[in-house]
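A.B. asks: Give me a model of this one.
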Amino acid sequence: MHFLIVCECNTRPHELLTSIYLSIYLSIYLSIYLILLHSISNCFYLNLFLSIYLSIYLSIYLSHSVRKREALFDAQKKLEDQMREEEDELLMSFQKERKAENQRLSQEIEEEWEKQLVELTKKFNDKSRKKMADIDKKTMTLQFESQKKDLEKSMTLKRERKKKSMTLRLREIEQQKTSTMVQRQSAQMLKLVSEMRDELRVELKKELIQEKQMEEEEDSYSDIANTNGTDGVLSEMDNIRIEEVIQHFASVPTSAEMPPIHPPSCRKHDLYTDVSVFTDIDEHVIKVAETDQGSYTELIRQLTESCIGDLEKAR
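C.D. replies: Predicted coordinates for the structure are as follows:
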């Protein structure tokens with residue numbers, strides 16, 4: 001009796017346990033039902049054992065898939081941590097460059113201020129040496145103080161203009177460096193996810209095949225194995241189960257390249273007619289927003305792990 005329950009491998013642990021219990025209960029129920037029909041009245045315990053065994057065997061397949069998904073998330077988190085360090089270093093370099101440019105600008109303005117102040121003072125001293133009435137000296141002093149204030153205002157405005165120009169120039173450089181870093185990191189993350197997914201798919205399939213073969217070798221019910229015609233070779237049903245688990249593990253296709261930008265293929269009303277269809281996902285997002293996540297990987301995982309399709313993910 002081949003009995004199969006397919007679960008989404010996006011499944012969270014408690015949902016996976018629920019599917020395991022459900023498969024076991026249904027297997028027991030199905031065996032009892034067959035007994036009542038007298039179709040296999042002489043093989044009750046054998047069929048009951050087979051049903052439970054197949055259900056548990058499927059749960060083992062799914063646990064492998066969950067474990068491999070965890071390995072994929074761990075690798076993604078590790079790369080994200082490295083990228084965060086790179087971002088912090090880039091931010092620190094921006095701050096250091098801004099500080100150095102501010103110091104250079106301040107020194108440049110200060111030197112120019114002192115130079116022009118020396119020239120203005122020299123002119124005042126040259127005029128003050130000449131013989132003139134006290135009232136003329138007083139007027140000249142007031143004129144000197146006024147020119148000094150005007151010079152100070154002029155240097156302040158000049159400093160502000162240069163600082164604004166410097167800020168715009170640095171901001172443009174920072175945006176360019178940030179954009180380059182984001183593009184590089186995006187490509188790295190996509191490449192990692194694509195490579196890790198392919199690698200883990202191969203490992204998962206290899207492990208499942210090895211476990212199945214080891215179980216068949218250790219199986220004391222050799223007559224059952226021979227009846228299925230395995231003899232160390234996986235049956236068609238086993239291959240189907242393994243491929244289904246592999247597909248659940250890689251349910252979301254990935255590419256090592258960023259998707260191209262293109263206009264939408266349809267209108268919103270073609271996808272949904274009322275925003276009330278998003279009530280559940282909106283409530284879930286609010287709950288996630290009330291908790292703290294240590295990384296963007298964990299945040300996106302919590303936001304999308306219960307989503308059924310791309311529409312909910314886009315929401």
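A.B. asks: list the contacts for T141?
C.D. replies: Contacts for T141 (Cβ atoms under 8 Å, 6 or more residues apart in numbering) come out as F124. C-betas here are computed from N, CA, C, even on glycine.
A.B. asks: Pull up the per-residue confidence for it.
C.D. replies: Listed pLDDT for T141 reads 76.
A.B. asks: In the protein, where is pLDDT below threshold?
C.D. replies: 1-66, 129-137, 215-259 (pLDDT under 70).
A.B. asks: mind listing the helices for it?
C.D. replies: For the chain, helices defined by DSSP state H occupy the ranges 13-36, 44-128, 134-218, 222-228, 236-249, 268-271, 279-289, 296-304, 310-314.
A.B. asks: Just the CA atoms of stretch 308-315, as CSV, please.
C.D. replies: Provided in CSV are the C-alpha atoms of stretch 308-315 (Å, rounded to 0.1, in the frame of the first residue of the first chain):
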residue,chain,number,x,y,z
ILE,A,308,1.1,31.0,-0.7
GLY,A,309,2.0,32.8,-3.9
ASP,A,310,3.8,35.7,-5.5
LEU,A,311,0.8,38.0,-5.0
GLU,A,312,1.0,37.7,-1.2
LYS,A,313,4.8,38.2,-1.3
ALA,A,314,4.4,41.3,-3.4
ARG,A,315,1.8,42.6,-0.9
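A.B. asks: Can you list the buried residues in that stretch?
C.D. replies: E312 (16 or more other Cβ atoms under 10 Å).
A.B. asks: Please apply the same query to stretch 108-128.
C.D. replies: I109, W113, Q116, F124.
A.B. asks: Which residues are in contact with L170?
C.D. replies: Residues in contact with L170 (Cβ under 8 Å, 6+ apart) are F94, E97, R98, E101.
A.B. asks: switch to 7 Å and redo it
C.D. replies: Listed by Cβ atoms under 7 Å, 6 or more residues apart in numbering, the contact set of L170 reads E97, R98, E101.
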